[in-house]
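> Any chance you could fold what I've pasted below:
(chains A, B and C)
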Amino acid sequence: MPKLNGAGLLRGLIGTAGLLVVLEAAGRLGAWDTERLPLVSTVLLRAGELLADPEFLVSAWSSLTTWALALALTIAIAVPAGLLLGMVRPAEVAVRPLIEFLRPIPSVALIPLVILMFSETTNMRITVAVYAALWPVLVNTIYGVRDVDPLAKETLRSFGFGPASVAYRVVLPGAAPFIATGIRLAASVAIVLVVTSELIAGGIEGIGVFITIAASGNRLDLMIGATILVGLFGILVNALLVAGENRLFRWHRARTEGAT
Amino acid sequence: MRRATFGVLRLWIVPVTLIVWELVTRATVSPFFPPPTRIVEQFHAMWLSGPASQLLLTDRALETFGPSLGRLLLAWVIAGVLGVALGVALGRIRGVADYADPVLQFLRALPPPLLVPIFFALFEIGTATQLAVIVFGVIWPVLVNTTDGVRAVDKGFLETARVFQFSRYDILRRVILPAAMPKIFAGLRLSLSLALILMVVSELVGSNSGIGYSLLYAQQSYDYAGVWAHIVLLGVLGLLFNALFLVAEGRVLSWHAHARRTV
Amino acid sequence: MLELVDLGHNYGSYRAIDRVNLKVAQGEVVCIVGPSGCGKSTLLRSIAGLIKPTGGTVLLDGKPVDGSPENLAVVFQDYSRSLYPWMSALANVGLPLRRRGLDKKKRDAAAMNALEQVGLAGAAAKFPWEMSGGMQQRVSIARALAYQPKLLLMDEPFGSVDAQTREELEDLTLRVCAHHGMTILLITHDVDESVYVGDRVVVLSKAPGTVVGDLPVQLPGPRDQIHTRELDAFVRLRAEVGRLVRGITPQRNTHGNTHGYGYGVETR
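Residues are numbered from 1 along each chain as shown, chains lettered A, B, ... in the order given. Next up is the predicted model:
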């Protein structure tokens, strides 16, 4: 990614504005049927209006809470599991094949099964999202624990600290930057899975449901507008988490770059 | 030999899990969790009881897998070629990447499955639209990674090329592309797993053929073992794609793995 | 064959080299030595056409240089960034020959021949990361040889290898250039090396770098790592160059300076 300096930012703004203007002009000049695919300005206007549309906001709030719960549950499961597997080498060796078999299952494939299992849609969505979001946190946590300086652990152990104490004082802080990276990746994955499960399984509320309803009314302006908002939300969350990581882990060199 | 034995021993957890799973599911008799043997039976009956001439695959398997895998691979190849070509262009033409960056970051952040209803609303439901949606959904990792990789080519490599007066074609083909290849492969790998997901989503939402459609059919006829068999199938496909990809990557990028190890 | 006229280069407001004048004759081995940060690399990169100098001209065979000149090869200090890790040694050496319009067979033969000359015939199929630093730098030299340039630039070519390998490579360079009659411009910060390898040693001052000394090296017989370095002439010359590099004002007229503008700033 190019560095975010003044000139780069300006160019980015120019590029974005230029593209929007070209698309708008193309639409107005009849490059496509604007009855079917609305103009850029219409879509952007609609996206803005959606932010004040009560019906959309109810759906957005539902998706947001589902996402937050899923992410919290993911962290609650994957971080302790990752710490344990990272610290107890034989356990990791034993479980590794299971992880390797389970991880490639595309979690959208679980949606039809989970629909049958849960009558309550929120739980179903959370289950699907957690299944997908679990892996980046788990794998990054294990990796992070491995990365902790063994000398630091030895030192503490030699002073008579027990394993729990060592985990809390050395391993957790040492692995924290990796865990944070895992959580950031999981946050993006969870957004995708929450809206996808809403889209496929339906329900009463949720952005995916909102888009399905808009589709049945052939309202492409609403569909694209809502999709744009989800995309922007994803960028916002990612940017906030990156900023948080940079603030919290200034001491940690950019070693995690490859771990995406 | 000893390594191979060790490798097999390492997998002990898999049969143990399967046995425990079998015993528990037999004891609890929950409809949602059929015993693994039931799942395997169903898997076999649906797809693997065919003639040897078709590698044991049934006609049903061929009819189901064919369209899905065809669409997936074709779309992935198109996205790969387009993504690399556009990425090289963006990365090589000075300054252009800066202009395009926010748009690319935004497009990459869109949840690809949300594209499915939009594309289906815009175009006719059918193979072409499915292809288009997968291409559009998975091209971004390749495009962004290629741009990054091409821009990050070591200056030393390029200066050597300039001093020895390589042709533009040689610079691209023998210096820039190989140097960017590790990043390009990372992008291709990500987009392959995304393509699998998008294939399933597009078939779940609107299709009358393919694995996703077949999965939906099993679900709607409350065939739990069948639903599980589909999940296993997709998991195996994911694993298989990943393994094949790693083999290919290992061949193309052997220099990279070694070069990194020695530095 | 190579002439620098009032060559100067600024990076923004920082003046890296200032009015460098130098003439190199066909077949000469000229070592440019100077303290770190004296703009040695800037000088070399200007000649190689990798940067466009902000002042003065570089003339090659009487013609001003614009872009990377033909018939010029460079051996860079950092072999790991100059050899392509995705190619075998043979492919690395043969690659520049594509421009020469040779077919694959001829390219491979020429590359193999060059590898033989640097003693790496057996390692042709190896990749750079399978070789030691010294071997990699030999491949770089072989690449330059196969290219058969009229002018060979070497930028601290032995700066990243251990002392013993360094001596081997110095001798290799001397031997090979005697064989090909190549003109060599070698840049180094090592006073000892400059006197040992060069027919002439040109000393650059601290930044902004300019020529403060230009001394012919007159040592008897073929050079030899042990005996040559013991010679009184060698020791004296080394001391002289050392003083110039450290900026201690030299006694004038101990040695002639061939082109008359050797002592740069002080004489002007």
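> buried ones in the helix or strand encompassing residue B:120?
Using DSSP states H and E, residue B:120 falls within helix B:112-122. Neighbour-count burial for helix B:112-122, counted by 16 or more other CB atoms under 10 Å in any protein chain shown, picks out B:112-122. For glycine as for every other residue, the C-beta is placed from the backbone atoms N, C-alpha and C.
> Then stretch C:120-137?
Neighbour-count burial for stretch C:120-137 [16+ other CB under 10 Å]: C:120, C:123-124, C:126-131, C:134-137.
> What about these, which are in helices?
Cross-referencing those against helices under DSSP state H gives C:134-137.
> and which of these is nearest residue B:212?
For these, the residue nearest residue B:212 by CB to CB is residue C:136; the value is 52.2 Å.
> if I look at the closest one, how far off is residue C:76?
Using CB to CB, to the nearest Å, we find residue C:136 at a distance of 11 Å from residue C:76.
> Show the pLDDT at residue 183.
All of this refers to chain A. Looking at residue A:183, its pLDDT stands at 94.
> Hmm, no, I was thinking of chain C.
The model's pLDDT for residue C:183 equals 90.
> so what's the residue lying closest to it once chain neighbours are set aside up against?
What sits nearest to residue C:183 in space, not counting adjacent residues and going by CB to CB, 6 or more residues apart in numbering or on different chains, is residue C:151, at 5.0 Å. For residue C:151, the contact set (CB atoms under 8 Å, 6 or more residues apart in numbering or on different chains) comprises C:1-2, C:24, C:60, C:69, C:71-73, C:182-185.
> How about residue A:139?
Residue A:139 touches A:82, A:99, A:182, counting by CB under 8 Å, 6+ apart.
> How much space separates it from chain C?
Residue A:139 sits 28 Å away from chain C, going by CB to the nearest CB, to the nearest Å.
> How much space separates that residue from chain B?
Computed as CB to the nearest CB, the residue A:139 to chain B distance reads 14 Å.
> buried stuff in the helix or strand encompassing that residue?
In the assignment (DSSP H and E), residue A:139 maps to helix A:121-147. Going by neighbour count (16+ other CB under 10 Å), the buried part of helix A:121-147 is A:121-122, A:124-146.
> Tell me which other helices or strands the strand or helix carrying residue A:184 touches.
Here residue A:184 sits within helix A:172-201, counting by DSSP H and E. Applying 3 or more CB pairs under 8 Å, 6 or more residues apart in numbering or on different chains; DSSP states H and E, we find helix A:172-201 packed against helix A:54-87, helix A:111-117, helix A:121-147, helix A:207-216, helix A:220-248, helix B:112-122, helix B:177-205.
> Residue C:95 is nearest to which of the ones you listed?
helix B:177-205 (11.4 Å).
> Closest residue of chain B to chain C?
Chain B approaches chain C most closely through residue B:156 (2.7 Å), counting by CB to the nearest CB.
> Got phi/psi on the nearest residue to residue B:26 once chain neighbours are set aside?
Leaving aside its chain neighbours, residue B:26 sits nearest to residue B:35 (5.4 Å; criterion: CB to CB, 6+ apart). Dihedral pair for residue B:35: phi -60, psi 150, per degrees, to the nearest 10.
> Verify the stated contact: residue B:35 with residue B:21.
Yes - counting by CB atoms under 8 Å, residue B:21 is a contact partner of residue B:35 at 7.4 Å.
> is chain A contacted by stretch B:78-94?
No - using CB under 8 Å from any CB of the partner chain, stretch B:78-94 never reaches chain A; the gap is at least 10.3 Å.
> mind listing what's buried in that stretch?
B:78-80, B:83-84, B:86-92.
> I'd like the mean pLDDT over that stretch, please.
On average, stretch B:78-94 scores 92.
> now it, how far from the chain's geometric center?
19 Å (CA atoms, centre = their mean, to the nearest Å).
> do the same with stretch B:120-139
With CA atoms, centre = their mean as the basis, stretch B:120-139 stands 17 Å off its chain's centre.
> tell me the phi and psi of residue C:56?
phi 80, psi -180.
> thinking it is in contact with residue C:18, fair?
No - when contacts are counted by CB under 8 Å, residue C:56 is not listed as touching residue C:18 (9.5 Å).
> overlap in contacts of these two?
Common neighbours of residue C:56 and residue C:18 (CB under 8 Å, 6+ apart) are residue C:8.
> Those two: who's more crowded?
residue C:18 (21 against 17; other CB atoms under 10 Å in any protein chain shown).
> residues in contact with the residue most central in space within chain A?
Centroid check for chain A by CA atoms, centre = their mean gives residue A:188 as the closest residue, at 1.5 Å. The contact partners of residue A:188, taken as CB under 8 Å, 6+ apart, are A:234, A:237-238, B:109.
> 7 Å instead?
Contacts for residue A:188 were tallied using CB atoms under 7 Å, 6 or more residues apart in numbering or on different chains; they are A:234, A:238.
> Model confidence for it, exactly?
92.
> relative to helix B:177-205, how tilted is the helix or strand hosting residue B:85?
Secondary structure assigned from DSSP H and E places residue B:85 in helix B:59-92. Computed by axes from the mean of the first three to the mean of the last three CA atoms, to 10 degrees, the angle separating helix B:59-92 from helix B:177-205 equals 140 degrees.
> can whichever helix or strand comes after helix B:59-92 be found next to chain A?
Later in the chain than helix B:59-92, the nearest helix or strand by DSSP H and E is helix B:96-109. Yes - counting by CB under 7 Å from any CB of the partner chain, chain A has neighbours in helix B:96-109: B:97-103, B:105-106, B:109.
> Give me the helices and strands touching helix B:96-109, please.
Where contact means 3 or more CB pairs under 7 Å, 6 or more residues apart in numbering or on different chains; DSSP states H and E, helix B:96-109 is packed against helix A:6-28, helix A:220-248, helix B:59-92, helix B:127-151.
> Relative to chain A, which residue of the stretch 101-250 of chain C is the closest?
For the stretch 101-250 of chain C, CB to the nearest CB, closest residue to chain A: residue C:129, 18.8 Å.
> Next: the stretch 1-150 of chain C.
Using CB to the nearest CB, the single residue of the stretch 1-150 of chain C nearest to chain A is residue C:12, 16.4 Å away.
> so how far is chain B from that residue?
Taken as CB to the nearest CB, the span from residue C:12 to chain B is 19 Å.
> now what about the strand or helix carrying residue A:48, what contacts it?
Residue A:48 is part of helix A:40-50, with elements assigned from DSSP H and E. Defining contact as CB under 7 Å, 6+ apart, one finds that helix A:40-50 is touched by A:20, A:23-24, A:27, A:56, A:221-222, A:224-226, A:228-229.
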